[in-house]
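Student: coordinates for the following, if possible.
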Amino acid sequence: MTDNKQQSVVSWFLKELIKDGYIKRIPVLQFQKAKAMHKQEIENAYNSGQQIPPFEYAEQYYKKTFPDKKKN
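Tutor: Below is the predicted model of the structure:
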């Protein structure tokens, strides 16, 4: 069995901020909350995948679920 674990976007982003010197310490509570929110997003997307064609409406689903705050 292969290990398909990937780094979450939340973990990657935090590491990039540290590497580039934007932050010196990890805000642990906020990091944990962001990871939990991302996990919930992935679970919701996976669970709702049974209700819509997998790729046909992906962009529309994303725009509806994560609206661009700048446009509102």
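Student: which helix runs longest in the chain?
Tutor: Scanning the chain for the helix with the most residues, using DSSP state H, yields helix 28-48.
Student: which residues sit against that helix?
Tutor: Applying C-beta atoms under 8 Å, 6 or more residues apart in numbering, the external contacts of helix 28-48 come out as 8-11, 14, 61, 65. Every residue, glycine included, has its C-beta placed from N, CA and C.
Student: residue contacts, residue 11?
Tutor: The contact partners of residue 11, by C-beta under 8 Å, 6+ apart, come to residue 35.
Student: distance of it relative to residue 58?
Tutor: 23 Å (C-beta to C-beta, to the nearest Å).
Student: also residue 27?
Tutor: As judged by C-beta to C-beta, residue 27 and residue 58 stand 31 Å apart.
Student: pick out the residue nearest the middle of the protein.
Tutor: residue 38 (4.2 Å; C-alpha atoms, centre = their mean).
Student: now, the contacts of helix 28-48 that are in helices?
Tutor: Using DSSP H, the subset of the contacts of helix 28-48 located in helices is 9-11, 14, 61, 65.
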